[in-house]
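[1] predicted structure and sequence below. I'll ask about it afterward.
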Amino acid sequence: MRVTASAPGKVILVGEHFVVENEPAVALAINLRALVTVEDNEGSDVFYSKNLGAFVEVKEGRVLKGAGDGFEVLRPLVKIADILRQYSSVKKPFKLTVNSSIPPASGMGSSAAVSVAACAALSRFFNLDIGLDDISKIAYEAEKIVHGKPSGIDNTISTYAGAIIYRKSEGFIRLDIQIDSAAVIIADSGIPRRTGEMVKQVRDLKKRYPEVLDPLYHAAGHLSIEAARALEEGDLWKLGELMNINHGLLSAIGVSNMKLEELVYTARRAGALGAKITGAGGGGCIIAIAYKKKADNIARALKKVASRVYVLEATRKGVSIDEVVS
Ligand code: MEV
């Protein structure tokens, strides 16, 4: 038997950092997917990542062999297989292959997308009939191993796609997005992300100036709610404007730098409706929203100053079983 499943990556559209202090944030699924194939194998379970050139071989819960930086990255998948096998009468060994078009460590949810796709492919292989909620929950359990206590944004958006608005104390609401005419352009600064350091730096700043920063947090919360409305109304102009304001707030809390500003202004000058840092800042990527007809122009301009540029779009296609060969 061979099963192939896939799941999308994501970007944070608005609200990063402010979300840490319980303000809402909005995440959007993008049309880059992680593909996971599970097929029969002889003797032991093998987990293999084409992208990372890493593999792990496991038999009866024991790691027999591993190569590459594999184990850390593949560990959630071993956990998912353990969880699912418990509920299945199918005990045969398998080979699981990851082939993802989502760049790793980019803030685009690569790890969760792989876990979600693996969960779908393995559950079919084990002949289990599990729903989307279970897929998302099991992927979350697996992600905890590597990422501590993630917010749950990534596994949720990768399972259901579209967009979600998320607030720590309240969880998720799925949004009915109407942005088919939008290009989502991501440009990588080439400077590594420093999420932990940035989160700490922002927390320290907020402690020093609570009265100054509290209203900015408040504003960011309202902004996310407005942005969610703009997504549902398909109002790209409004969404772009809100993204620009959000970028200003992120600059104000100190997570921008010259390179990120250059990318943001390059995108805007080339015709983006809005452009901002996405994720923790300090490095990493910016996101721009534009009408599709402007996308090439923006990408061309960004390629001169960014290390990588992706012209993408939002997707409503969540986790899916793409092929089953018995
Ligand atoms: C990082 O992708 C997003 C931050 O808001 C951190 C977090 O929410 O954990 C900066």
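    Happy to help now that I have it.

[2] all helices of the stretch 51-200 of the chain, in order?
    Here the stretch 51-200 of the chain has its helices, by DSSP state H, counting those that start in this stretch, at 70-86, 110-125, 132-147, 153-160, 195-208.

[3] beyond the last one, next helix or strand please.
    So that's helix 195-208. Following helix 195-208 in sequence order, the next helix or strand is helix 210-233 (DSSP states H and E).

[4] confidence-wise, which of the helices of the stretch 51-200 of the chain is weakest overall?
    For the helices of the stretch 51-200 of the chain, the bottom mean pLDDT is recorded on helix 70-86, which sits at a mean of 89.

[5] who in the protein is up against the ligand?
    Within the chain, the residues that sit near the ligand (C-beta under 6 Å from any ligand atom) are 12, 16-17, 19-20, 107, 151, 195, 199, 279-280. Every C-beta, even on glycine, is put in place using the N, C-alpha and C of the backbone.

[6] tell me which two in these are the farthest apart.
    20 and 107 (14.8 Å; C-beta to C-beta).

[7] which of these two has more neighbours?
    residue 107 (24 against 16; other C-beta atoms under 10 Å).

[8] can you tell me the SS state at the closest residue to the ligand within the stretch 1-150 of the chain?
    For the stretch 1-150 of the chain and the ligand, the shortest gap (C-beta to the nearest ligand atom) falls at residue 16, measuring 3.8 Å. Following DSSP: H, G, I helix; E, B strand; the rest coil, residue 16 is assigned to coil.

[9] hang on, it packs against residue 279?
    Yes. With contact defined as C-beta atoms under 8 Å, residue 16 counts as touching residue 279 (5.8 Å).

[10] for the two, indicate the residue with more neighbours.
    residue 16 (29 against 21).

[11] list the contacts of the more buried one.
    Counting by C-beta atoms under 8 Å, 6 or more residues apart in numbering, residue 16 touches 25, 250, 277-281.

[12] separation between the residue of the stretch 1-150 of the chain closest to the ligand and residue 275?
    14 Å (C-beta to C-beta, to the nearest Å).

[13] mind checking what secondary structure the residue in the chain sticking out farthest from the centre has?
    The outermost residue of the chain relative to its centre, with distances by C-alpha atoms, centre = their mean, is residue 43 at 34.3 Å. Put simply, residue 43 is coil when judged by three-state DSSP.

[14] chain neighbours aside, what residue packs nearest to it?
    Nearest non-adjacent residue to residue 43, counting by C-beta to C-beta, 6 or more residues apart in numbering: residue 93, 6.1 Å away.

[15] so what's the residue count around that neighbour?
    Neighbours around residue 93, by other C-beta under 10 Å: 15.

[16] that one contacts residue 47, doesn't it?
    No. If you go by C-beta under 8 Å, residue 93 and residue 47 don't touch, sitting 11.5 Å apart.

[17] by residue count, what's the longest strand in the protein?
    Secondary structure of the chain per DSSP state E: the longest strand is strand 25-40.

[18] could you list the buried residues of that one?
    25-39 (16 or more other C-beta atoms under 10 Å).

[19] same check on stretch 96-116?
    Residues of stretch 96-116 classed as buried: 96-103, 106-116 (neighbour count, 16+ other C-beta under 10 Å).

[20] for it, what is the distance to the chain centroid?
    Mean-position distance between stretch 96-116 and its chain equals 8 Å (C-alpha atoms, centre = their mean, to the nearest Å).

[21] rewinding a little: of the buried residues of strand 25-40, which is the nearest to residue 308?
    residue 32 (12.1 Å).

[22] okay, that closest one: pLDDT?
    pLDDT for residue 32: 98.

[23] and what of residue 257?
    97.

[24] ok, now residue 264?
    Listed pLDDT for residue 264 reads 98.

[25] for the nearest residue to it once chain neighbours are set aside, the count of nearby residues, please.
    Nearest residue to residue 264, sequence neighbours excluded (C-beta to C-beta, 6+ apart): residue 275, at 4.5 Å. Neighbour count for residue 275, taken as other C-beta under 10 Å: 28.
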